[in-house]
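Colleague: just need the structure, nothing else, for what follows:
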Amino acid sequence: MKIRARASRILVLANPVGIKVSDRETRDIADIFALTEEQFAALAYFDPAAGKHDYKTMPQAEVPRGGAQSRSDRALRLGAYMHDPKLKARLHRIRVPTLLLWGTADRILSQPYGQAYCAAIPGAALAADRARRPFPPSRAARRIRPAHLSPSWNGTD
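Modeller: A predicted model of the protein is given here:
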């Protein structure tokens, strides 16, 4: 996704993923592809019950979207390693004030990972949010409120 610096006044990233922080042998990101659906829900959702599906009561049209299908969807969307080897070297190009919202409850990515991501973006600020976890992304994005953009971060720090 390209973001034009002239079109954007600020950039807010919520639990971003995509860089490699540690050495080649150290895992930075939990291997979500090796997990059962229940294990994934426990790691990815603040409330693991939100990630559970009852396939017996689910309408037939929605069943293919769950189970093995959701695992393959994750692999296609996120890639097998969940990072782009070139991304970290490109983050210095961001020229707009950037705020990273980081969930301290996240069990897929660690707090040091978020700090390293923030350090790779010039002038970026990191704001911890106790309840934030990265999934489901569509619901998480709707929960970002102006309160997250506190007066202590005005886009010029």
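
Colleague: what sits against Leu100?
Modeller: Counting by CB atoms under 8 Å, 6 or more residues apart in numbering, Leu100 touches 12-14, 16, 114, 117-118, 121, 124-127. The way it works is simple: take the backbone N, C-alpha and C, and place the C-beta from them, glycine included.

Colleague: return the member of these nearest to Thr57.
Modeller: Checking the contacts of Leu100 against Thr57 with CB to CB, the nearest one is Ala14 at 31.3 Å.

Colleague: from Ala119, how far out is the closest one?
Modeller: Ala14 sits 18 Å away from Ala119, going by CB to CB, to the nearest Å.

Colleague: which stretches of the chain form helices?
Modeller: 37-44, 68-78, 87-90, 111-119, 137-142 (DSSP state H).

Colleague: burial of Ile10, as a residue count?
Modeller: Using other CB atoms under 10 Å, Ile10 has 13 neighbouring residues.

Colleague: count the neighbours of the closest residue to His83 other than its chain neighbours for me.
Modeller: Excluding the flanking residues, the one nearest His83 by CB to CB, 6 or more residues apart in numbering is Lys20, at 4.8 Å. Lys20 has 19 neighbouring residues, counting by other CB under 10 Å.

Colleague: also Tyr45?
Modeller: Tyr45 has 20 neighbouring residues, counting by other CB under 10 Å.

Colleague: same deal with the one 3 residues further on?
Modeller: Other residues near Pro48 number 15, with proximity taken as other CB under 10 Å.

Colleague: and Pro97, by the same measure?
Modeller: Neighbourhood size, Pro97 [other CB under 10 Å]: 19.

Colleague: same thing with Tyr113?
Modeller: Every residue meeting other CB under 10 Å relative to Tyr113 is counted, giving 21.
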